[in-house]
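[1] pasting the sequence and the predicted model now:
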Amino acid sequence: MPVLSGSFNRSAMDAPLEGETSDESISKDWSYLNTTDFIAYDDRFFEIIGPDAVVEHIEPLAHQSHEAPCYNKKTKQIFFVEWGPPGGINGTHDWQYLYDVNSGNLSKIQTDPPTLNAHGCVVYNDSLYVVTDGSGSKETGALVKIDPSTWEKEVILNNYFAQPFLGFNDLDIDSDGNFWLTDSKSAYGRGLIDFYYPTNPTVYFVNATTMRPRAVHITTGNANGVAVALNPDETARGKQKHTVYLPDTGVSEFLPLSRKNPFGNRALFAYDALNTGGVLSNPRLLNNPISYFYDGLRASRSGLLFAGAGDGVDVIDPVDGLTLGTIRVGGGDNLAVSMTFGEHELWIVGRGGMWRVSNIAERLDRDW
């Protein structure tokens with residue numbers, strides 16, 4: 001509603017339904033919204049989600065960060081992690097979760113050798129590609145390849161010309177198999193590494209053939225999620241092949257004080273990715289979250305953006321940048337961090353565990 005009666009207020013960190021108002025009828029409406037699984041801001045959201053979609057809290061877990069979900073279509077298993085303190089050994093985790101979709105069984109696994117402090121994951125050509133924060137001076141942040149049939153781990157990148165990475169947060173792989181990695185200050189801020197970050201948060205493009213990393217974006221805020229989508233209109237004209245989406249999460253401040261600063265960066269930007277080595281061009285502000293900030297970010301088969309946004313997962317139009325609606329995870333202490341796609345379903349992980357959203361009308365998984 002464009003006009004609210006009475007007095008009202010809310011923090012930029014809180015969902016609209018958490019706002020304060022002097023109008024009792026509006027307060028009742030907001031209370032009702034807090035019991036729903038879906039909130040639509042645009043009619044297009046109904047077409048995407050459809051009438052039969054269901055949200056289930058399938059794995060209640062500790063109210064701390066859960067990250068790095070990736071769905072393996074071949075094995076029908078979901079890999080994800082518990083990240084950072086207070087869990088693990090002083091916040092360090094050398095194991096990961098594995099959820100079997102068919103049986104509903106949740107187990108803990110360990111790669112060979114162990115993968116420490118995994119933070120992001122994608123599946124490509126039947127392998128899991130995982131980025132880590134490392135664990136300080138003994139093991140710095142790395143990009144690793146994991147064989148899901150044996151759980152053998154291979155480190156394929158762990159330095160930028162002998163400079164250690166800050167601690168990787170997330171990654172995506174484009175249709176050519178190239179890597180896009182976000183290197184953030186979150187690991188230092190949460191005490192997972194014992195050295196001060198050597199540079200500002202950076203996004204790297206890594207050529208899949210040469211494995212040569214190239215810095216393509218630097219921020220004084222924080223690098224977090226990343227999503228890559230095909231740009232079919234421009235590809236036909238030979239200009240560029242992909243669009244890269246980067247949310248800045250400078251809103252999260254760490255040492256010496258850990259807090260959410262509503263004046264920090266929260267914007268989601270879109271870039272054209274040229275065919276020449278991942279050069280980014282044509283930056284544009286696509287969206288600023290209605291509330292909270294965007295953490296995990298994924299692009300669906302049609303190019304829709306799904307972003308972990310605190311109260312739930314926001315669905316964003318990649319052209320006009322409008323938030324079409326939110327898939328909620330129940331309110332309270334629950335918090336949506338990241339997600340992974342099946343064909344007509346998605347799984348969300350965050351504070352509070354894992355949620356399954358089934359019977360979605362639009363197909364979500366991409367071609368590669």
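    Noted; the coordinates are in hand.

[2] residues contacting Ala267?
    Contact analysis of Ala267 by CB atoms under 8 Å, 6 or more residues apart in numbering lists 247-248, 285, 287-288. (Glycine included, C-beta is placed from N, CA and C.)

[3] I'd guessed Glu82 sits against His66; true?
    Yes - counting by CB atoms under 8 Å, His66 is a contact partner of Glu82 at 5.7 Å.

[4] more neighbours: these two, which one.
    More neighbours surround His66 than the other of Glu82 and His66, with 25 against 22 (other CB atoms under 10 Å).

[5] common neighbours of Glu82 and His66, please.
    Residues touching both Glu82 and His66 (CB under 8 Å, 6+ apart): Tyr97.

[6] what's the closest non-adjacent residue to Met211?
    Leu157 (5.8 Å; CB to CB, 6 or more residues apart in numbering).

[7] report the beta-bridge partners for that neighbour.
    Applying DSSP bridges to Leu157 gives these bridge partners: Leu143.

[8] so how far is Ser338 from it?
    Noted for Leu157: a distance of 21 Å to Ser338, by CB to CB, to the nearest Å.

[9] out of these two, which sits in the busier spot?
    Using other CB under 10 Å, the more surrounded residue of Leu157 and Ser338 is Ser338, with 29 against 20.

[10] so the more buried one belongs to a strand, correct?
    Yes - assessed with DSSP: H, G, I helix; E, B strand; the rest coil, Ser338 lies in a strand.

[11] ok, now which ones touch it?
    With CB under 8 Å, 6+ apart, Ser338 has these contacts: 67-69, 120, 170, 225, 295-296, 298, 308, 348-350.

[12] now list the buried members of these.
    When the contacts of Ser338 are checked for burial by 16 or more other CB atoms under 10 Å, the buried set is 67-69, 120, 170, 225, 295-296, 298, 308, 348-350.

[13] tell me where this structure has helices.
    24-33, 44-49, 186-189, 232-236 (DSSP state H).

[14] can I get the first one in CSV, CA atoms only?
    So that's helix 24-33. This file holds the C-alpha atoms of helix 24-33, laid out as CSV (Å, rounded to 0.1, in the frame of the first residue of the first chain):
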residue,chain,number,x,y,z
GLU,A,24,-4.3,-1.6,14.7
SER,A,25,-5.8,-2.8,11.4
ILE,A,26,-2.4,-2.6,9.7
SER,A,27,-0.7,-4.3,12.7
LYS,A,28,-3.1,-7.2,12.4
ASP,A,29,-2.3,-7.5,8.6
TRP,A,30,1.4,-7.6,9.4
SER,A,31,0.8,-10.2,12.1
TYR,A,32,-1.0,-12.3,9.6
LEU,A,33,1.9,-12.0,7.1
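
[15] can you list the buried residues in it?
    26-27, 30, 33.

[16] and the nearest residue to Met339 once chain neighbours are set aside, what's its pLDDT?
    Using CB to CB, 6+ apart and skipping the chain neighbours, the partner closest in space to Met339 is Ile348 (4.7 Å). Looking at Ile348, its pLDDT is 98.

[17] quick one, what contacts Ile348?
    69, 308, 313, 327, 329, 336-339, 354-357.

[18] list the beta-bridge partners for it.
    Met339, Trp355.

[19] where's it relative to Val329, distance?
    6 Å.

[20] for the two, list the residues in contact with both.
    If you check Ile348 and Val329 against CB under 8 Å, 6+ apart, the residues they both contact are 313, 336, 355.

[21] and the second one, how many residues sit next to it?
    Spelled out, that is Ala336. 28.

[22] would you mind confirming that it makes contact with Leu297?
    No - Ala336 lies out of contact with Leu297 (CB under 8 Å); the separation is 11.7 Å.

[23] any weak-confidence spans in the stretch 251-368 of the chain?
    Applying pLDDT under 70 to the stretch 251-368 of the chain picks out residues 275-276.

[24] do you know how far Leu324 is from Asp295?
    Here Leu324 is placed at a distance of 18 Å from Asp295 (CB to CB).

[25] and for Thr326?
    Applying CB to CB to Thr326 and Asp295 gives a distance of 14 Å.

[26] which residues are in contact with each of the two?
    Taking CB under 8 Å, 6+ apart as the criterion, Thr326 and Asp295 both touch Ala309.

[27] from the chain's centroid, how far away is stretch 319-339?
    Its chain's average C-alpha position is 11 Å from that of stretch 319-339, according to CA atoms, centre = their mean, to the nearest Å.

[28] now it - C-alpha only, PDB.
    Extracted C-alpha coordinates of stretch 319-339, given in PDB (Å, rounded to 0.1, in the frame of the first residue of the first chain):
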ATOM      1  CA  VAL A 319      15.700  -6.700 -15.900                       C
ATOM      2  CA  ASP A 320      13.800  -4.100 -13.800                       C
ATOM      3  CA  GLY A 321      15.400  -5.200 -10.500                       C
ATOM      4  CA  LEU A 322      12.100  -5.300  -8.700                       C
ATOM      5  CA  THR A 323      11.700  -7.700  -5.800                       C
ATOM      6  CA  LEU A 324       8.800  -9.800  -6.900                       C
ATOM      7  CA  GLY A 325       8.200 -11.700  -3.700                       C
ATOM      8  CA  THR A 326       9.700 -13.500  -0.700                       C
ATOM      9  CA  ILE A 327       9.800 -17.200   0.200                       C
ATOM     10  CA  ARG A 328       9.800 -17.100   4.000                       C
ATOM     11  CA  VAL A 329      11.500 -19.400   6.500                       C
ATOM     12  CA  GLY A 330       9.200 -18.900   9.400                       C
ATOM     13  CA  GLY A 331      10.300 -15.700  11.100                       C
ATOM     14  CA  GLY A 332      11.700 -15.600  14.600                       C
ATOM     15  CA  ASP A 333      15.400 -16.500  14.900                       C
ATOM     16  CA  ASN A 334      15.300 -18.300  11.500                       C
ATOM     17  CA  LEU A 335      17.300 -16.700   8.800                       C
ATOM     18  CA  ALA A 336      17.700 -17.600   5.100                       C
ATOM     19  CA  VAL A 337      21.400 -17.500   4.000                       C
ATOM     20  CA  SER A 338      21.700 -19.400   0.700                       C
ATOM     21  CA  MET A 339      19.900 -21.900  -1.600                       C
END
